[in-house]
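Peer 1: Give me a 3D structure for the following:
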Amino acid sequence: MKDEYIFGLVGHNVSYSRSLDIFNSIFKIKNLNGHFELYDFSPSQFNDKFPQLKNENIDGLSITIPYKRKVIEYLSDIDPVAKALDAVNSILVKENHFYGFNTDAYGFSLPLRKYHNRLKHGNAIIFGAGGAAKAVIYSLYTDYELANYYILGRDETKLSHFKESLKKQINNININFVTYEHYSQISNISYDIVVNCTPAGGWNFPEKSPIPDNFNWLTGKIYYDLNYNDHNIIIQMANEHSLIAIDGSTMLVGQAVRSFYLWTGIKVSIEEVYKSVFTHQ
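Peer 2: Numbering: from 1, shown residues only. As a prediction, this is how the structure comes out:
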């Protein structure tokens, strides 16, 4: 065990992040000396500043938007899950080398475990076609055996690229890609879970919504929003329509605790950390 641990978050426009609170809570619970830093790099700064972090006595880095794929080119090694998802959100820094992991799928799965029987072999509607969506699909497929996926996006070209990327990494599942303008074609399909993998409704875009105007709430069971901001308007809508509504706070804590273990070998209670950081919610 070290005398002091140093961790950080690498991203852009992420001053809202609760990662500092989470890791400070972990330090307190485990009675450790630790420091957590926010590294907010613009895209023009990233190539110069990010590689330098391996020389600054840092033990671990959380990676968030928009750099989960960008960091891969700087890694000495990558774990199988991160490789399958083509996205890294956790980096162990050791002896001037970066080692990449993905703990998003693990964190995403945590609050759904009690609903395993409701989800098995079911249908999912997913808003967004980025790295987070890929982690969600991976988790729903490997942990809950969901059979059918409907991916909604605004950009047909981006959906096409996402489809090709998925083909290389996740096979033998039924995935349908639909633009918002064609949502009416699937509006009557019943779904077991709908997941918002976009920033819409989150900290930076609280008034925006990823939900189509004619979205049929009555055909659903669970709404899961990866955003974790207070007073999320879509979480409120899901509650009003009697869906089980889950925000991204448990996922955030779960992936951070998992990263902490990868960086230090020390286990900490997810429940205890969550209670310490999100008791007001």
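Peer 1: Could you list the low-pLDDT ranges of the protein?
Peer 2: 171, 280-281 (pLDDT under 70).
Peer 1: Run through the strands of it in chain order.
Peer 2: Using DSSP state E, the strands of the chain run over 5-11, 34-40, 60-63, 77-78, 90-94, 97-101, 123-127, 148-153, 174-179, 193-196, 222-225, 244-246.
Peer 1: Count the neighbours of the residue nearest to Ile175 when sequence neighbours are not counted for me.
Peer 2: Counting by C-beta to C-beta, 6 or more residues apart in numbering, Ile175 lies nearest to Tyr149, which is 4.5 Å off, once chain neighbours are set aside. Backbone N, C-alpha and C define where each C-beta goes, glycine included. As a burial measure, Tyr149 scores 23 neighbours (other C-beta atoms under 10 Å).
Peer 1: Ok, Ala105 next?
Peer 2: The tally of other residues near Ala105 (other C-beta under 10 Å) stands at 27.
Peer 1: so it touches Tyr141, yeah?
Peer 2: No - the criterion here is C-beta atoms under 8 Å, and Ala105 misses it with Tyr141 at 9.8 Å.
Peer 1: Next, the residues that contact stretch 64-82 from outside, please.
Peer 2: 9-12, 14, 17, 41, 43, 46, 50-51, 63, 86-89, 91, 97-102, 105, 131, 138, 199 (C-beta atoms under 8 Å, 6 or more residues apart in numbering).
Peer 1: and the biggest helix by length in the chain with strand 5-11, angle?
Peer 2: Taking DSSP state H as the criterion, the chain has its longest helix at helix 249-264. Counting by axes from the mean of the first three to the mean of the last three C-alpha atoms, to 10 degrees, helix 249-264 lies at 130 degrees to strand 5-11.
Peer 1: elements contacting helix 249-264?
Peer 2: When contacts are defined as 3 or more C-beta pairs under 8 Å, 6 or more residues apart in numbering; DSSP states H and E, helix 249-264 packs onto strand 5-11, helix 19-29, strand 60-63, strand 90-94, helix 104-109, helix 270-278.
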